[in-house]
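Undergrad: quick check, what structure comes out for this input:
(2 chains)
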Amino acid sequence: MSLNTDMPVRVAAVTQVTDLVKRFRFERLDGHPMPFFSGGAHVVVSMNDNGLLRRNPYSLMSNPDDNSAYEISVLRVPNSRGGSIFMHEQVRPGDQLTVSQPVNLFAPDHRGRKHILIAGGIGITPFIAMMEQFSRDNIAFELHYAIRSRSHGAYWQQLLDRYGPRRIKIYVDEEKTFIPVAEIADNQPLGTHLYVCGPAGMIDGVLMTGLKAGWPKENLHSERFLAPPAGLPFQVFLERSNIHMTVGEHQSILEAAEAHGCDAPYMCRGGACGQCETEVLSCDGTLQHNDIYLSDEEKASGKKVMICVSRFKGQQLVLQL
Amino acid sequence: MLVQGIKSRPEYKGLDIDPHAKRHLFVLEGEGAQALIDEVGAKGRDFLAKSEILYLAAGAAPKAYDVTLSALSPDVFWQASTLQPLLFRLRACLEQARMGTRLSIAGTEGFIGQIMQVAIEYGIDYHSIHTEHRGSMARRVQCVHCKGITDNVTTSPFPCSHCGLPLLVRDHYSRRLGAFQGVNIDAEEPGTAPEPEEMFP
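TA: Below you'll find the model as predicted:
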């Protein structure tokens, strides 16, 4: 959605954190300070990969107090659509990229009296910024962080050093230690909130365990960015822009629209925020809803679609865009 | 006279037992007792063994709901004589409660609002509190001019019990205060306020 607020940035540093994780530090080209953000926020990073525009959301992991730069950490995902590979292989210090304004869809509930953070793998990133804020504000928190092995896990040692073993608990697959979610949910003071970020299966498991322990859904929070799934190409007509286009196998409707010069609204590009909700004018076929934003009734009605992740199977789809 | 269609007007969706809850805290006032009795009729008695009931009979004392409630044999039944000791006990309960405890409130709006005020201080999201409005429609209203709160307001306009201004009752509700907002109705021409109309019997 370019409200024309995207910020051109220079890559100030690239740090290899583990075999598969790199940290990137971005400073504004115009020398101005970065906007302040709140723990849990993300930015969308735009990359120009040989003329192909890639836009991926990444959680901000630097200190929210520090407006001199933003930092993100990127896990190299081999069989992905290419954004993480581009970041790992192409991006060097001194390069220029564009980042969006920060958006927070995973903010801590400040009415809570205690906060439990549950992270799996690279899902640690939003919590690093959140913990800075909790620590600064003297708010009770604890982190339960599951990693595959001590060599693959990012930042666990730094977090232990910074916050101590009472607040930071590390669980290692390789050592057969696992997060005891049911026990954690079982004995917490009223007003505790729980946040989970990690692989989809982990998020579902943790949320289900919380509900079964009698927690209200209002106290259970999660963030998952869905990568747009691949699928067969299909035809879309954008009515207001008067554009006939084909959405490719590895493209989302949003990406195809952008490639055709249509400036569609978006924020998270991961099916979570609702910003790219688009009205369906006619649909000769089946919508494949892949988002976690629309309710089941809305999905069944076929009148709306989240164009960042959802696909279509059939003859022709006409969108009000 | 009433100003309606304001979003902050609370909705009371009715008691609803969460089958996964480890403990239930029912805070009931007057006719609100019947809300729980009806829920037991609909859902069975199983949840009573892990339930604590705090009850304030108020205007419904002649109906002896306290006898019916204690005959349900909940884990704890406790009755207050006035609101103050009930709020004190509520704080003690919430201070010790663990996650998995679900709060339910039934009674008049003013009562529900004041219980929620306390619950919110303990970090409970108000969406997760089950509420049911029973009994009088009377409102608890804050005068936006002198900030005094008047309980059991049944008419609009009504004279502020603190500063005496005739106040129009609006649906504008403050969760922080647990009260509706009352605004002077004849500020431009004092003395021209319409007759009070019985709105909240």
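Undergrad: tally of neighbours for residue B:40?
TA: 19 (other CB atoms under 10 Å in any protein chain shown). All C-beta spots, glycine's among them, are computed from the backbone N, C-alpha and C.
Undergrad: hmm, I typed the wrong one, I wanted residue A:103.
TA: Counted with other CB under 10 Å, residue A:103 comes out at 18.
Undergrad: and the closest residue to it other than its chain neighbours, how far from residue A:254?
TA: Spatially, and ignoring its direct neighbours in sequence, residue A:103 is nearest to residue A:267 (5.3 Å; CB to CB, 6 or more residues apart in numbering or on different chains). Here the criterion is CB to CB, to the nearest Å. By it, residue A:267 lies 11 Å from residue A:254.
Undergrad: those two: which is more packed in?
TA: Of the pair residue A:267 and residue A:254, residue A:254 is the one with more neighbours under other CB under 10 Å, namely 24 against 19.
Undergrad: kindly confirm my reading that the more buried one is in a helix.
TA: Yes - using DSSP: H, G, I helix; E, B strand; the rest coil, the secondary structure at residue A:254 is a helix.
Undergrad: so it touches residue A:310, yeah?
TA: No - counting by CB atoms under 8 Å, residue A:310 is not a contact partner of residue A:254; they are 9.6 Å apart.
Undergrad: returning to what we had before: overlap in contacts of residue A:267 and residue A:254?
TA: Listed as contacting both residue A:267 and residue A:254 by CB atoms under 8 Å, 6 or more residues apart in numbering or on different chains are residue A:276.
Undergrad: so where's the chain uncertain?
TA: I'll assume chain A. Low-confidence segments of chain A, defined by pLDDT under 70: A:1-4.
Undergrad: meant chain B, my bad for not saying
TA: Using pLDDT under 70, the flagged stretches of chain B are B:1.
Undergrad: tell me, how many residues neighbour the residue in the stretch 151-300 of chain A that chain B sits nearest to?
TA: Closest residue of the stretch 151-300 of chain A to chain B, CB to the nearest CB: residue A:191 (2.2 Å). Applying the criterion other CB under 10 Å, we find 21 residues in the vicinity of residue A:191.
Undergrad: what's the nearest residue to it if we skip its chain neighbours?
TA: Of all residues not flanking residue A:191 in the chain, residue B:123 sits nearest, at 2.2 Å (CB to CB, 6+ apart).
Undergrad: OK, contacts around the spatially most central residue of chain B?
TA: Nearest to the mean C-alpha position of chain B, by CA atoms, centre = their mean, lies residue B:112 at 1.8 Å. By CB under 8 Å, 6+ apart, the contact set of residue B:112 is B:10, B:12, B:105-106, B:131, B:133.
Undergrad: burial count for the residue nearest to residue A:191?
TA: By other CB under 10 Å, neighbour count at residue B:123 equals 20.
Undergrad: the strands in the stretch 151-300 of chain A, which residues?
TA: Along the stretch 151-300 of chain A, the stretches classed as strands by DSSP state E, counting those that start in this stretch are A:168-172, A:192-197, A:220-223, A:234-238, A:243-247, A:277-288.
Undergrad: and of those strands, who's closest to residue B:28?
TA: strand A:192-197 (25.9 Å; CB to CB).
Undergrad: what sits up against the closest one?
TA: By CB under 8 Å, 6+ apart, the list of residues contacting strand A:192-197 reads A:40, A:59, A:106, A:108-109, A:112-120, A:123-127, A:130, A:185, A:202-203, A:206-207, A:210, A:215, A:219-224, B:99, B:123.
Undergrad: filter the residues you listed down to just the buried residues.
TA: Applying 16 or more other CB atoms under 10 Å in any protein chain shown to those, the neighbour count classes A:40, A:59, A:106, A:108, A:112-120, A:123-127, A:130, A:185, A:202-203, A:206-207, A:210, A:215, A:219-224, B:99, B:123 as buried.
Undergrad: any idea how chain B splits into domains?
TA: As given by automatic domain parsing, the domain ranges for chain B are B:23-133, B:139-198.
Undergrad: tell me which element the residue lying closest to residue B:130 once chain neighbours are set aside falls in.
TA: Spatially, and ignoring its direct neighbours in sequence, residue B:130 is nearest to residue B:104 (4.3 Å; CB to CB, 6+ apart). Assigned by DSSP states H and E, residue B:104 falls within strand B:101-107.
Undergrad: got a list of contacts for that strand?
TA: A:190, A:214, A:216, B:15, B:18, B:21-33, B:35-36, B:56, B:58, B:94, B:111-112, B:115-116, B:119, B:124, B:128-135.
Undergrad: how does it look with 6 Å?
TA: When contacts are defined by CB atoms under 6 Å, 6 or more residues apart in numbering or on different chains, strand B:101-107 is touched by residues B:15, B:18, B:21, B:23-30, B:32, B:35, B:112, B:115, B:119, B:129-132, B:134.
Undergrad: partners of that strand in the sheet?
TA: strand B:23-29 (parallel), strand B:130-133 (parallel) (DSSP bridges).
Undergrad: might you calculate how far the first one sits from the centre of the chain?
TA: A distance of 12 Å separates the centroid of the chain from that of strand B:23-29, by CA atoms, centre = their mean, to the nearest Å.
Undergrad: contacts for that strand?
TA: B:36, B:47, B:50-56, B:58, B:93, B:101-107, B:111, B:115.
Undergrad: just the buried residues of those.
TA: For the contacts of strand B:23-29, buried by 16+ other CB under 10 Å: B:36, B:47, B:51-56, B:58, B:93, B:101-107, B:111, B:115.
Undergrad: show me which positions of the biggest strand by length in chain B end up buried.
TA: Ranked by number of residues, the top strand in chain B under DSSP state E is strand B:166-174. Going by neighbour count (16+ other CB under 10 Å), the buried part of strand B:166-174 is B:166-173.
Undergrad: middle-most residue in chain A, spatially?
TA: residue A:225 (4.0 Å).
Undergrad: ok, that one touching residue A:58?
TA: No - counting by CB atoms under 6 Å, residue A:225 does not reach residue A:58; the two are 8.7 Å apart.
Undergrad: between those two, which contacts overlap?
TA: Counting by CB under 6 Å, 6+ apart, residue A:225 and residue A:58 have no contacts in common.
Undergrad: mind telling me what element the residue of chain B found nearest chain A is part of?
TA: Nearest to chain A in chain B, going by CB to the nearest CB, is residue B:123, at a distance of 2.2 Å. If you go by DSSP H and E, residue B:123 is not part of any helix or strand.
Undergrad: residue A:162 versus the nearest residue to residue A:132 once chain neighbours are set aside, what's the distance?
TA: Distances taken as CB to CB, 6+ apart place residue A:63 nearest to residue A:132, at 4.8 Å, with adjacent residues excluded. According to CB to CB, residue A:63 stands 11 Å off from residue A:162.
Undergrad: now swap in residue A:154 and tell me
TA: Distance from residue A:154 to residue A:162, by CB to CB: 14 Å.
Undergrad: more neighbours, the two?
TA: More crowded of residue A:154 and residue A:162, by other CB under 10 Å: residue A:154, with 24 against 14.
Undergrad: please list all residues in contact with the more buried one.
TA: Shown in contact with residue A:154 (CB under 6 Å, 6+ apart): A:17-18, A:21.
Undergrad: 10 Å instead, please
TA: A:17-23, A:61, A:73, A:75, A:121-122, A:124-125, A:128, A:145, A:147 (CB atoms under 10 Å, 6 or more residues apart in numbering or on different chains).
Undergrad: those, buried ones only, as a PyMOL selection?
TA: Of the contacts of residue A:154, the buried ones go into a single PyMOL selection, burial set by 16+ other CB under 10 Å:
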select buried, chain A and resi 18+20+21+22+23+61+73+75+121+122+124+125+128+145+147
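Undergrad: among the contacts of residue A:154, which ones are in helices?
TA: Members of the contacts of residue A:154 lying in helices (criterion: DSSP state H): A:125, A:128.
Undergrad: among the contacts of residue A:154, which are located in strands?
TA: Using DSSP E, the contacts of residue A:154 in strands are A:21-23, A:73, A:75, A:145, A:147.
Undergrad: out of these, which one sits closest to residue A:297?
TA: Out of these, the member with the shortest distance to residue A:297 (by CB to CB) is residue A:75, at 35.1 Å.
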